[in-house]
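A.B. asks: Show me the folded form of this:
(one chain, ligands or ions: 1)
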Amino acid sequence: MAAEVLVVEDEPDIRALIVHHLTRDGFRCRTAADGLEALAQLHAGAPDLVVLDLMLPGIDGLELTRRLRAEPAWAALPIIMLTAKADEVDRVVGLELGADDYVAKPFSPKELLARVRAVLRRARPADDGRALAGGEIALDPGRHRVTVAGTPVELTPKEFDLLHALMASGGRVLSREHLLNRVWGYARADEIESRTVDVHVRRLRAKLGAAGRRIATVKSVGYRFESE
Ligand code: CA
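C.D. replies: Below is the predicted model of the structure:
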């Protein structure tokens with residue numbers, strides 16, 4: 001069945017434009033004009049992805065993202081934020097809160113579609129058990145095995161899951177919140193829990209030796225795996 005996208009945008013023209021292009025590309029769409037309506041739509045049934053404008057009347061996009069990530073049921077729901085071009089702060093905050101990606105307005109429908117497809121593809125990377133490689137690091141989920149330049153590396157289950165999440169993300173920045181949810185199953189992160197991620201990343205890097213540099217710190221957001 002076609003993936004379903006919930007489009008949350010208060011401007012009718014932009015909402016209609018997004019729905020038009022998504023529908024033409026084979027997606028099913030539902031819409032909401034503000035945060036409250038979005039919550040009602042979500043409670044009526046889970047979409048596969050949310051396209052969420054940040055500037056909304058009432059509950060804005062950041063607040064809605066925060067609320068969704070605080071609920072275990074919605075913690076892993078893919079979210080693409082629509083942000084104003086100049087709003088770098090909102091973008092960083094949004095990613096910190098756990099949005100999966102953002103598209104800056106004004107955007108081309110083609111770009112938005114590409115992001116939607118990419119985020120949906122990445123939303124279930126852990127399910128397919130396929131072996132991953134990044135530079136000299138190879139990870140085989142089926143055998144729960146990691147090697148660096150052919151030499152096996154002993155990782156704890158959390159370290160393994162953390163590396164798996166990073167390698168499976170296709171170079172995307174993963175926020176600490178996302179990693180806490182994905183690897184530790186926490187619905188929301190406080191200061192101490194965020195440090196848990198940092199501590200595990202540090203240990204993981206140390207075990208990977210020189211290859212550990214591939215896990216790059218993205219200041220004030222999280223981590224990214226660099227396979228190049
Ligand atoms: Ca708006």
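
A.B. asks: His20 - how many residues pack around it?
C.D. replies: By the criterion of other Cβ atoms under 10 Å, His20 has 12 neighbours. No exception for glycine: its C-beta is placed from N, CA and C like everyone else's.

A.B. asks: so how far is Ala114 from it?
C.D. replies: As judged by Cβ to Cβ, to the nearest Å, His20 and Ala114 stand 16 Å apart.

A.B. asks: tell me which residues of stretch 215-228 are tucked away?
C.D. replies: Residues Ile215, Val221, Gly222, Tyr223, Arg224, Phe225 are the ones in stretch 215-228 that count as buried (16 or more other Cβ atoms under 10 Å).

A.B. asks: Over to the third one: give its phi and psi.
C.D. replies: Reported as degrees, to the nearest 10, the phi and psi values for Gly222 are phi 170, psi -130.

A.B. asks: bridging residues for it?
C.D. replies: Per DSSP bridges, the residues bridged to Gly222 are Ser175, Val218.

A.B. asks: Surely Ala165 touches Leu180?
C.D. replies: No: counting by Cβ atoms under 8 Å, no contact exists between Ala165 and Leu180, whose distance comes to 10.6 Å.

A.B. asks: Which of the two has more residues huddled nearby?
C.D. replies: A direct count of neighbours by other Cβ under 10 Å for Ala165 and Leu180 places Leu180 higher, at 22 against 19.

A.B. asks: tally of neighbours for the closest residue to the ion within the chain?
C.D. replies: Taking Cβ to the ion as the measure, the chain has Met55 as its residue closest to the ion, at 3.9 Å. Look at Met55: counted by other Cβ under 10 Å, it has 16 neighbours.

A.B. asks: so it, which of the three states?
C.D. replies: Following DSSP: H, G, I helix; E, B strand; the rest coil, Met55 is assigned to coil.

A.B. asks: Make sure it is actually in contact with Ala84.
C.D. replies: Yes: assessed by Cβ under 8 Å, Met55 is found in contact with Ala84 at 6.9 Å.

A.B. asks: got a pLDDT number for the one residue sitting closest to the centre of the chain?
C.D. replies: For the chain, the residue nearest the mean C-alpha position is Asp100 (2.9 Å; Cα atoms, centre = their mean). The model reports Asp100 with a pLDDT of 86.

A.B. asks: quick one: it and Ile80 touch, right?
C.D. replies: Yes: in this structure, Asp100 is within contact of Ile80 by Cβ under 8 Å, at 6.3 Å.

A.B. asks: anything in contact with each of the two?
C.D. replies: Val119 (Cβ atoms under 8 Å, 6 or more residues apart in numbering).

A.B. asks: Return the set of buried residues in the helix or strand of the chain with the lowest mean pLDDT.
C.D. replies: When each helix and strand of the chain is scored by mean pLDDT, DSSP states H and E, helix 88-97 comes last, with a mean of 79. By neighbour count with 16+ other Cβ under 10 Å, helix 88-97 contains the buried residues Asp90, Arg91, Val92, Val93, Gly94, Leu95, Glu96, Leu97.
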